[in-house]
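> Build me a model:
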Amino acid sequence: MTAAIAPSVADTIAANRATGRGSLIGYLPIGFPDLQTSIDAAVALAENGVDALELGLPYSDPVMDGLAIQKATETALAGGFRVRDVFTAVEAVRARVDIPVLVMTYWNPVLQFGVDRFADALRDAGGAGLITPDITPDSAVEWITTSDRTGLDRIFLAAPSSTDARLATTVAASRGFVYAVSTMGVTGARQTVDDAARTLVARLREAGTANVCVGIGISSGTQVAEVLGYADGAIVGAALVTALAEGGVSGVAAKAAELASGTSATGK
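Numbering: from 1, shown residues only. Model prediction:
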């Protein structure tokens with residue numbers, strides 16, 4: 001059975017912008033510490049101020065993830081996570097909260113599952129689209145075609161090291177928003193948000209992006225507000241994963257509320 005269509009990420013960002021606030025996107029891996037708890041935790045994010053969800057597909061070679069996320073995905077895999085659990089989780093979350101649910105995944109699991117099959121199942125579960133950190137637009141022809149057919153968002157990453165030509169290509173290929181990686185290297189919370197993010201966002205604006213969200217290293221409501229002073233969205237992952245690992249669903253709910261306090265203090 002096909003789930004109800006969720007608001008798109010772009011519409012959510014635009015609606016928040018119209019009210020003078022930025023958007024908060026929260027990441028958690030599916031299946032950590034177990035499938036049901038990961039679903040409950042995702043719902044808790046939505047109920048505590050997170051505007052859109054990024055659910056991670058656990059993968060055996062998470063080369064772009066920091067230690068907290070690596071440990072969580074290892075736990076999920078050890079607990080028996082299977083790719084089909086992605087669709088179970090998305091559908092279960094969407095049955096309880098009406099916000100966009102994106103899936104962050106390395107490309108190999110999608111390829112092994114079947115690109116069309118994966119996209120159809122995600123759409124039917126009520127998912128909004130994919131964040132694909134390890135493929136570039138010029139190597140994603142099949143995904144671009146399939147996402148056009150299914151209407152799913154496709155979110156590519158942009159890094160400070162990207163050339164102007166690469167940024168233009170990324171902006172043209174992305175739908176929903178462009179994911180600006182604020183530092184080079186793996187993900188993980190840190191105390192100070194890198195100034196490179198501000199420069200990268202400005203370059204993406206010049207390249208014509210409508211929406212740009214900054215991720216990697218945001219860990220407090222103050223940092224959320226800082227990022228939302230120049231970007232459309234702030235993406236938080238490691239800090240939420242750590243909160244779930246240490247405090248369970250109530251712990252991650254409290255952390256989400258603290259992070260969300262920064263969405264209305266952007267100075268916009």
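> what number of residues lie near Ala95?
By other Cβ atoms under 10 Å, 14 other residues sit near Ala95. C-beta: built from backbone N, CA, C; applies to glycine.
> ok, now how distant is it from Pro29?
Distance, Ala95 to Pro29, by Cβ to Cβ, to the nearest Å: 20 Å.
> With Ala10 instead?
Distance from Ala10 to Pro29, by Cβ to Cβ: 25 Å.
> and if you look at Asp195?
Noted for Asp195: a distance of 29 Å to Pro29, by Cβ to Cβ.
> quick one: the helices in the stretch 51-200 of the chain?
In the stretch 51-200 of the chain, helices defined by DSSP state H, counting those that start in this stretch lie at 67-78, 84-96, 107-113, 115-125, 141-150, 164-173, 196-206, listed in chain order.
> Which among the ones you listed is found nearest to Ala239?
helix 67-78 (8.4 Å; Cβ to Cβ).
> tell me what the closest one is packed against?
strand 23-29, helix 238-260 (3 or more Cβ pairs under 8 Å, 6 or more residues apart in numbering; DSSP states H and E).
> So for Ile135, which of the helices of the stretch 51-200 of the chain sits nearest?
That would be helix 107-113 among the helices of the stretch 51-200 of the chain, by Cβ to Cβ, at 4.7 Å.
> How far away from the center of its chain is the closest one?
18 Å (Cα atoms, centre = their mean, to the nearest Å).
> What are the contacting residues of that helix?
For helix 107-113, the surrounding residues in contact (Cβ atoms under 8 Å, 6 or more residues apart in numbering) are Leu57, Tyr59, Val83, Phe118, Leu130, Thr132, Asp134, Ile135, Trp143.
> Give the single residue among these positioned nearest to Ala257.
Set against Ala257, the nearest of the contacts of helix 107-113 by Cβ to Cβ is Leu57 (26.2 Å).
> For the stretch 51-200 of the chain, give me the ranges with low pLDDT.
Within the stretch 51-200 of the chain, the segments meeting pLDDT under 70 span 61-66, 183-193.
> Gly208 looks like it's in a strand, true?
No - per DSSP: H, G, I helix; E, B strand; the rest coil, Gly208 lies outside any strand segment and is coil.
> Look up how far Ser60 lies from Gln112.
Distance, Gln112 to Ser60, by Cβ to Cβ: 12 Å.
> Lovely, talk soon.
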